[in-house]
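Q: Got a predicted structure here, sequence first:
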Amino acid sequence: MKDILIVKHLKETYTGRKQDFTALDDVSFTISQGEILSLLGPNGAGKTTIVSVIGGYLIPSSGQVLMNGQDITAARKRPQIGVSFGGEMGFYRNATARQNLLFFADLAKVPYRKQKDEVARVLEVVSLTNVANKKVGEFSKGMTQRLHIARSLLGNPSLLLLDEPTSGLDVEIAKSVQDTVQKLANSGISILLTSHTMSEIEKLANRVILLGAGKVFYQGTVSGVIKLANIQTDGRPATLEESYLKLAPQLRRP
Ligand SMILES: Nc1ncnc2c1ncn2[C@@H]1O[C@H](COP(=O)(O)OP(=O)(O)OP(=O)(O)O)[C@@H](O)[C@H]1O
């Protein structure tokens, strides 16, 4: 499969009053079409910083981001990339889902005559068509999360950045969001997923990047992480969570 995104030698240093802080240090990876790549690592490892750099919210101190072969490291607009940080914020709670998405379609520069159809399309993808005229303030957390994904799909991006899309959701609702993510990948959209839920990563990720202190500690498959940790489990297969817990001390900042 062709590489949609190539990230080369990313470095991000935050300038502090007393001293500078290196949040990312020589991070390189690729994502191919329809692939779900998951960023995994402890709090402060640099996951959100990576999402912010690829999403265009942060210009890296050095390194390159290439999208479909084009250098977008300093690009302000990135129509090929949809971003969802999720959470309760980000929508007009007194407006309906459809009204919200029409507003964001305009911001995303979807041509006026196509906006209605585009909003209908993204609502359908996340299975919210039947509540399109409901106020967002009346939405459950799971519905709001799916609406965030719908928003990130406006303009038909080929890469989605999903930052903890199931955080704070109960298992059943989390599953409906995970099913949506899988459906999107099956349709050919590439997905960069950050998550603290190991079972979710095990279920969805084609590949994972294990980040520690801003550096890539390991990249490969979930079974690669399990092999690397090499824990004893009396003959039954080890889980990603058990393996991650064994590796976690090595991922912390000194
Ligand atoms: N604007 C900033 N200025 C200074 N330091 C920052 C800034 N933003 C993030 N950091 C630091 O950079 C490091 C990486 O942060 P980041 O939010 O990317 O981690 P994360 O892996 O997403 O963590 P979490 O799992 O908690 O969301 C952290 O130590 C954080 O404190």
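A: Received the coordinates, thanks. Residues are numbered from 1 along each chain as shown.
Q: what does the stretch 1-150 of the chain put close to the ligand?
A: Proximity of the stretch 1-150 of the chain to the ligand, by C-beta under 6 Å from any ligand atom, involves residues 14, 21, 23, 41, 43-49. Just so you know, the C-beta spots here come from the backbone N, C-alpha and C atoms, and that holds for glycine as well.
Q: Got the domain ranges for this structure?
A: Here the domain parsing of the chain from automatic domain parsing is 3-80+158-251, 88-156.
Q: Can you tell me the SS state at the residue sitting nearest the centre point of the chain?
A: Centroid check for the chain by C-alpha atoms, centre = their mean gives residue 162 as the closest residue, at 2.3 Å. Local secondary structure at residue 162 is given as strand here, using DSSP: H, G, I helix; E, B strand; the rest coil.
Q: swap in residue 180?
A: helix.
Q: what ranges do the helices span in this protein?
A: Per DSSP state H, the chain carries helices over the ranges 47-55, 97-107, 112-125, 141-153, 171-186, 198-204, 222-229, 240-251.
Q: average model confidence for the second one?
A: Here helix 97-107 scores 95 as its mean pLDDT.
Q: now do the last one
A: On average, the pLDDT along helix 240-251 is 94.
Q: Same question for the fifth one.
A: Model confidence over helix 171-186 averages 90 on the pLDDT scale.
Q: elements contacting it?
A: Helix 171-186 sits against strand 36-40, helix 112-125, helix 141-153, strand 190-194, helix 198-204, with contacts defined as 3 or more C-beta pairs under 8 Å, 6 or more residues apart in numbering; DSSP states H and E.
Q: if we go to 10 Å?
A: Contacts defined by 3 or more C-beta pairs under 10 Å, 6 or more residues apart in numbering; DSSP states H and E place helix 171-186 against strand 36-40, helix 112-125, helix 141-153, strand 159-163, strand 190-194, helix 198-204.
Q: Arrange those in CSV, one row each, with distance to residue 178 as further columns.
A: Putting the helices and strands packed on helix 171-186 into CSV (distance: least, C-beta to C-beta, whole Å) gives the following:
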stretch, distance to residue 178
strand 36-40, 10
helix 112-125, 14
helix 141-153, 11
strand 159-163, 11
strand 190-194, 10
helix 198-204, 6
